[in-house]
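**Q** Give me a model of this one.
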Amino acid sequence: MDTLNYDQLIQEALRGVVRKSLEAVVKKGLPGTHHFYISFRTDRKDVKMPEHLREKHPNEVTIVLQHQFWDLEVDAKGFGVSLSFNGAQERLYVPY
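**A** Numbers count the residues shown, from 1 in each chain. Sure thing, here's the model as predicted:
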C-alpha cells in the first residue's frame, strides 16, 4: 500500500455514525428537539423509493426525520423509513 486512503476511511466512519445514530433512534426515539437531515443520491440502483418520487428528485433528495416518520428500520447496509410526501405516506430504503 503506497498511501492511506483517508477519504475512504472518513466516509466509512461517517456512515457508521449515521447507522449508530439511527439505531439509537429506533431503540429510544428522538430526544427533545433533535432531528436528522439526510441527503442521498436517488439515482443509485440500491435506493428503493416510489418511481414518482424518483422522477421528482432524479439525482438527490434531502429528507427530515423529526416529527412525522414511521417504521424506521436499520440494518448493516442501510435504513428504511416511511415519510409523508404531500400527504401520502411513502416507504424509502437508503443504503449507507
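**Q** The lengthiest helix in the chain - what's its average pLDDT?
**A** With DSSP state H applied, the helix covering the greatest number of residues in the chain is identified as helix 6-28. What helix 6-28 shows for mean pLDDT is 95.
**Q** Counting by contacts, list what it packs against.
**A** Contact partners of helix 6-28 among helices and strands, from 3 or more C-beta pairs under 8 Å, 6 or more residues apart in numbering; DSSP states H and E: strand 36-41, strand 69-74. No exception for glycine: its C-beta is placed from N, CA and C like everyone else's.
**Q** Point out the one among these that comes closest to Val25.
**A** Nearest to Val25, of all the helices and strands packed on helix 6-28, is strand 69-74, at 6.3 Å by C-beta to C-beta.
**Q** What are the buried residues along the next helix or strand after that closest one?
**A** Following strand 69-74 in sequence order, the next helix or strand is strand 78-85 (DSSP states H and E). Counting neighbours by 16 or more other C-beta atoms under 10 Å, one finds that the buried residues in strand 78-85 are Gly78, Phe79, Val81, Leu83, Phe85.
**Q** now stretch 7-24
**A** The neighbour-count check on stretch 7-24 (16+ other C-beta under 10 Å) flags Val18, Arg19, Leu22 as buried.
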